[in-house]
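**Student:** Need a 3D model of the following:
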Amino acid sequence: MVSVRPGMLNPVSTPFGTTTLVQGPESLLAERAVQGLIKRALDERSDASINRLSAAQLDRGSLLEATSGSLFTTSAVVVIEQLAELPLDLADDVVGLAQQASDDLVLILVHEGGAKGKALLDRLRKAAVEVVEAPSVKAWELPQFVVAEVRKRGGRIDRETAEALVGAVGSDLRSVAAAVAQLLADTEQPVITTADVHRYFAGRAEVSGFAIADHCLDGNREAALGSLRWALETGVAPVLLTSAVASGLRSLGKYLGVRDERLRDVELARRIGVPPWKLKDLSRQSRGWSAPGVARAIQHAAAADAAVKGASGDPDYALESLVLSVIDCRSRGRQASVQTRR
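**Tutor:** Okay, the predicted model is just below:
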């Protein structure tokens, strides 16, 4: 087995006659790996046929047809996606292709991660296929991803500006990558500044679920409700808002649990699952909260999440109630903390 670092491909002489397993839950990195292989194949043989197949809908006949070229070309690139869903009776066929790939075939197998299909993955690794990892990018790694993404596109950005971009756009890797591309395309110079980020994404930052969550954790009722209404008016999906509030509460709960352990900021951020720059916000927000208050607020977030997914006929009301309930939990937590100190 040849293992390759995330999103990268080995510079082999030709992709033909090879099998590559692209494995991991981050779809952006997986798709980039697939597209990179397809491009290399077409650069070498422009007439190669491209076949993208869903493993769940695959049968022996369609697999044979796709991997055998066509009337017009003997060269083929075959991408089998959702490999975990491959019918069991085709496992031997796929492993056989991987072990003895034709010199006219580029075989790309995409597995989205998880335990399903593990036996097939083990067999493919033993067959010495090349493996490209597409792991999830952790929250604290996003600014580093932004810096690398900008550099790859020929631009420059410092760490502080990268953190501002992540704060404005959120943690979805595709959205972050798209924001980088937009900024570099629209700015007239290769250096992205914090001012650029604020200018292009100020509106988005104000209505993002994470901004609403921060207002709730700060106890700022007016700002939280105002941002919530703006988000709903601009079409932000309610489920994204409940998810952001729940995520913020979980991070705060973890912070309360480990803040007294005298850890370095980097290690503390890793334990909580947030970027290091977020620790300052959590430190400020924690002063108004108790652990029981956070636990109650998380229960409200779970109820609101169920409501916006169909348990309630009025998701807007469920979200407004969530904001008020979370802030109420904060107020009670603050009162409890004061009484405890007394």
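**Student:** what are the ranges of the helices in the stretch 51-200 of the chain?
**Tutor:** Shown for the stretch 51-200 of the chain, the helices assigned by DSSP state H, counting those that start in this stretch span residues 60-66, 91-99, 118-126, 142-152, 159-169, 173-186, 194-207.
**Student:** for the ones you listed, which one sits closest to L252?
**Tutor:** Across the helices of the stretch 51-200 of the chain, L252 has its closest neighbour in helix 159-169 (16.5 Å, CB to CB). Where C-beta positions appear, they are placed from N, C-alpha and C, glycine not excepted.
**Student:** how about the helices of the stretch 51-200 of the chain in a markdown table, adding mean pLDDT and distance to V110?
**Tutor:** A markdown table is the format used below for the helices of the stretch 51-200 of the chain (pLDDT from 0 to 100; distance: least, CB to CB, whole Å):
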| stretch | mean pLDDT | distance to V110 |
| --- | --- | --- |
| helix 60-66 | 91 | 14 |
| helix 91-99 | 94 | 12 |
| helix 118-126 | 95 | 12 |
| helix 142-152 | 94 | 21 |
| helix 159-169 | 84 | 26 |
| helix 173-186 | 87 | 16 |
| helix 194-207 | 69 | 31 |
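**Student:** Looking at those, which is nearest to R32?
**Tutor:** Closest among those, once you apply CB to CB, is helix 173-186, at 9.2 Å.
**Student:** Please parse the protein into its domains.
**Tutor:** Here the domain parsing of the chain from automatic domain parsing is 2-133, 139-200, 208-341.
**Student:** Quick one: mean pLDDT for the longest one?
**Tutor:** When pLDDT is averaged along domain 208-341, the result is 86.
**Student:** Could you pull up the residues touching the nearest residue to A134 once chain neighbours are set aside?
**Tutor:** Nearest residue to A134, sequence neighbours excluded (CB to CB, 6 or more residues apart in numbering): G24, at 3.3 Å. Shown in contact with G24 (CB atoms under 8 Å, 6 or more residues apart in numbering): 6, 30, 111-113, 133-136.
**Student:** Looking at the residues you listed, which is nearest F16?
**Tutor:** A30 (21.1 Å).
**Student:** Identify the residue nearest the closest one in space, chain neighbours excluded?
**Tutor:** A134 (3.9 Å).
**Student:** ok so, going back, distance of the residue nearest to A134 from A30?
**Tutor:** Applying CB to CB, to the nearest Å, the value for G24 to A30 is 6 Å.
**Student:** what residues are shared contacts of those two?
**Tutor:** With contacts taken as CB under 8 Å, 6+ apart, the residues that reach both G24 and A30 are 112, 134.
**Student:** re earlier: G273: which of the helices of the stretch 51-200 of the chain is closest?
**Tutor:** helix 142-152 (11.7 Å).
**Student:** Can you pull out the residues in contact with the closest one?
**Tutor:** So helix 142-152 is contacted by 137, 156-159, 162-163, 165-166, 171, 173, 176-177, 180, 184, 192, 275, 277 (CB under 8 Å, 6+ apart).
**Student:** Please list only the buried members of those.
**Tutor:** Neighbour counting with 16 or more other CB atoms under 10 Å marks 137, 157, 162-163, 165-166, 171, 173, 176-177, 180, 184, 192, 275, 277 as buried within those.
**Student:** Confirm for me that G167 is in contact with A213.
**Tutor:** No - G167 lies out of contact with A213 (CB atoms under 8 Å); the separation is 11.9 Å.
**Student:** follow-up on the earlier one: please render the contacts of G24 as CSV that adds distance to L58 and pLDDT to the earlier fields.
**Tutor:** CSV is the format used below for these (distance: CB to CB, whole Å; pLDDT from 0 to 100):
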residue, distance to L58, pLDDT
P6, 27, 51
A30, 18, 95
H111, 14, 97
E112, 16, 94
G113, 20, 91
E133, 24, 95
A134, 21, 95
P135, 26, 94
S136, 27, 91
